[in-house]
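Enquirer: pasting a predicted model and its sequence here:
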Amino acid sequence: MSQLLDITVHAERGAPVQRLTRAPVHATGVTGDVPRVKEHRQVAVVAREAWDKACAELGAPVPWTARRANFLIDGIDLKETTGKRLRIGPVLLEITGETKPCGEMDRQHPGLQAALKPDWRAGVICHVLETGEVKIGDAVELI
């Protein structure tokens, strides 16, 4: 079974990432996260398996929190899933596209940006369709 492994938010650009065990997800994103004004970019999700491949390519165990996404999931390949839906506990997200790794990734660890480019390893961006509170261990389903 696929599940939610970790939750993070950062209150403003450049602020340290905060790890949470649970978080409310509302119409504009995850409570406590940088306010998202673009409707198609409210939540970012990374798959553990994709992150592990990037780290293996780098030869370094970079913490997934370097990516500064909201949710770490396992057991689901996010490659080419635009238009599909992702249910995390009571929350329903619509995947609106691939997260493009930016130069900030190389500031986190040299070479990370290139290691995240193949196969959507940097994860996906999503629009919130149904709100609710998620918690670590919640079931995750790609619909």
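Expert: Thanks, I have the structure now.

Enquirer: tell me what the longest helix seen in the chain is packed against?
Expert: Using DSSP state H to define each element, the chain has its longest helix at helix 48-58. Here helix 48-58 touches strand 71-74, helix 112-116, going by 3 or more CB pairs under 8 Å, 6 or more residues apart in numbering; DSSP states H and E. Placement of C-beta: from N, CA and C, glycine included.

Enquirer: can I get these in a markdown table with distance to residue 94?
Expert: Shown next, in a markdown table, are those (distance: least, CB to CB, whole Å):
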| stretch | distance to residue 94 |
| --- | --- |
| strand 71-74 | 14 |
| helix 112-116 | 22 |
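
Enquirer: where are the low-confidence patches of the chain?
Expert: 37 (pLDDT under 70).

Enquirer: those strands in it, which residues are they?
Expert: 3-9, 18-20, 22-26, 29-30, 43-47, 71-74, 85-88, 91-98, 124-130, 132-135, 140-142 (DSSP state E).

Enquirer: and the contacts of the fifth one?
Expert: Same thing as strand 43-47. Residues outside strand 43-47 that contact it (CB atoms under 8 Å, 6 or more residues apart in numbering): 25, 29-30, 36, 64, 67-74, 76-78, 86, 93, 95, 99, 122-128.

Enquirer: quick revisit: out of the helices and strands packed on helix 48-58, nearest to residue 6?
Expert: strand 71-74 (4.1 Å; CB to CB).

Enquirer: what residue is smack in the middle of this protein?
Expert: For the chain, the residue nearest the mean C-alpha position is residue 45 (2.0 Å; CA atoms, centre = their mean).

Enquirer: so who does the nearest residue to it once chain neighbours are set aside touch?
Expert: Nearest non-adjacent residue to residue 45, counting by CB to CB, 6 or more residues apart in numbering: residue 71, 4.6 Å away. For residue 71, the contact set (CB under 8 Å, 6+ apart) comprises 4, 6-8, 43-46, 88, 134.
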